[in-house]
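Novice: Curious how this folds, go ahead:
(one chain, ligands or ions: 1)
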Amino acid sequence: MKSWVDIGFEIEITGDASPSLRLLQSVDASKDRGESMHHSGGACAETLMIYGEPIAQVVRKISNPHFLIVGLGLGYIELVIAREALLAGKEPEDIGLITSYESVPELREFFYQWLHDQDQSLHPEVRATYDRVLEHVIRETELSPGKLKFFLKKHFKNLSDIQTSLNADVILPSKYHCILYDAFSSKTSPHLWEEEFLNYILKTGTFERCVVSTYACKGTLKRALKQQNFEVILREGFQGKRNSTLGLRNL
Ligand SMILES: C[S@@+](CC[C@H](N)C(=O)[O-])C[C@H]1O[C@@H](n2cnc3c(N)ncnc32)[C@H](O)[C@@H]1O
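Specialist: Next up, the predicted model:
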């Protein structure tokens, strides 16, 4: 049974008490630890601020919306989609598609096993981490953990429903109304932030009505959004972080 260190991560409890994961190894030789998945000020709070609002808008305005998530990580964004859909009175079948990409096989497997209550296969530390993530996502709502899990189980029926690595030659399985772009930074994942790649994703993977949200504020992304006729809105970053970016087209 593997725990986080066995797959190259350590747990970090962030400022709002919600957990994040940090890479044990950095791509930068001058740093002794790698990149964290979230802002140290609050993994859950950051996710709700950067992704929660666009998700809620899409759920309200578009019927059977399709969501694309780049970087499953601990699954905060997927859980927030379930949260916002349930808060809007939707059923799992009211959400057309949730496509998540994750390059680390164990992050796909752990999330899937936890979602399907295959507790005997999970290290207790791993199970406790996901339980804590979910606790934070439903905080201040009347939703129960079981309701969110049930919702996502309908979308991730099989392990193969979670996509593997998003590579430069990807052919996306659908077009999307909402892209939640939560990749590691360009230092850790350079190809995911190249202008040509972003243009390709936005051109081939979006419906006319679409919103793109990311914590990042990269020139390559802003240019690609403009080239694909999105209105680019710079939002306040989480807790003083640089601006985050929102792209809106016909929404
Ligand atoms: C910032 S974290 C995502 C955090 C996540 N959204 C959450 O809610 O916890 C970035 C994630 O992208 C994954 N990743 C890195 N390169 C990738 C690639 N080429 N394709 C898909 N996922 C990738 C990493 O393993 C990591 O889990």
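Novice: hang on, residue 209 in a strand?
Specialist: Yes - assessed by DSSP: H, G, I helix; E, B strand; the rest coil, residue 209 belongs to a strand.
Novice: Can you name the residues of the stretch 151-251 of the chain that neighbour the ligand?
Specialist: Residues of the stretch 151-251 of the chain found near the ligand (Cβ under 6 Å from any ligand atom) are 165-166, 182-184, 189, 192. Glycine gets a C-beta too; all of them are placed from N, C-alpha and C.
Novice: switch to 8 Å and redo it
Specialist: 163-167, 180, 182-184, 188-189, 191-192 (Cβ under 8 Å from any ligand atom).
Novice: Is it possible to mark the buried ones in these?
Specialist: The neighbour-count test (16 or more other Cβ atoms under 10 Å) marks 163, 166, 180, 182-184, 189, 192 as buried among these.
Novice: And the ligand, is stretch 95-102 touching that?
Specialist: Yes - using Cβ under 8 Å from any ligand atom, stretch 95-102 reaches the ligand at 101-102.
Novice: Buried residues in that stretch, which are they?
Specialist: Counting neighbours by 16+ other Cβ under 10 Å, stretch 95-102 gives 95, 98-102 as buried.
Novice: In contact with residue 85, which residues?
Specialist: Contact partners of residue 85, counting by Cβ atoms under 8 Å, 6 or more residues apart in numbering, are 59, 92, 94-95, 151.
Novice: Look up which helix or strand it falls in, please.
Specialist: helix 76-87 (DSSP states H and E).
Novice: And residue 123, how far from residue 2?
Specialist: In this view, residue 123 and residue 2 are 6 Å apart by Cβ to Cβ, to the nearest Å.
Novice: typed the wrong thing, it's residue 43
Specialist: 21 Å.
Novice: For these two, indicate the residue with more neighbours.
Specialist: Using other Cβ atoms under 10 Å, the more surrounded residue of residue 43 and residue 2 is residue 43, with 27 against 13.
Novice: which residues touch the more buried one?
Specialist: Residues near residue 43 by Cβ under 8 Å, 6+ apart: 14, 16, 18-20, 37, 74, 76, 133, 136.
Novice: Helices of this structure, residue ranges please.
Specialist: Using DSSP state H, the helices of the chain run over 43-47, 53-61, 76-87, 105-115, 124-137, 145-155, 195-204, 219-227.
Novice: circling back: kindly present the contacts of residue 43 as JSON lines, with separate columns for pLDDT.
Specialist: Shown next, in JSON lines, are the contacts of residue 43 (pLDDT from 0 to 100):
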{"residue": "14", "pLDDT": "98"}
{"residue": "16", "pLDDT": "98"}
{"residue": "18", "pLDDT": "98"}
{"residue": "19", "pLDDT": "98"}
{"residue": "20", "pLDDT": "98"}
{"residue": "37", "pLDDT": "97"}
{"residue": "74", "pLDDT": "98"}
{"residue": "76", "pLDDT": "98"}
{"residue": "133", "pLDDT": "98"}
{"residue": "136", "pLDDT": "98"}
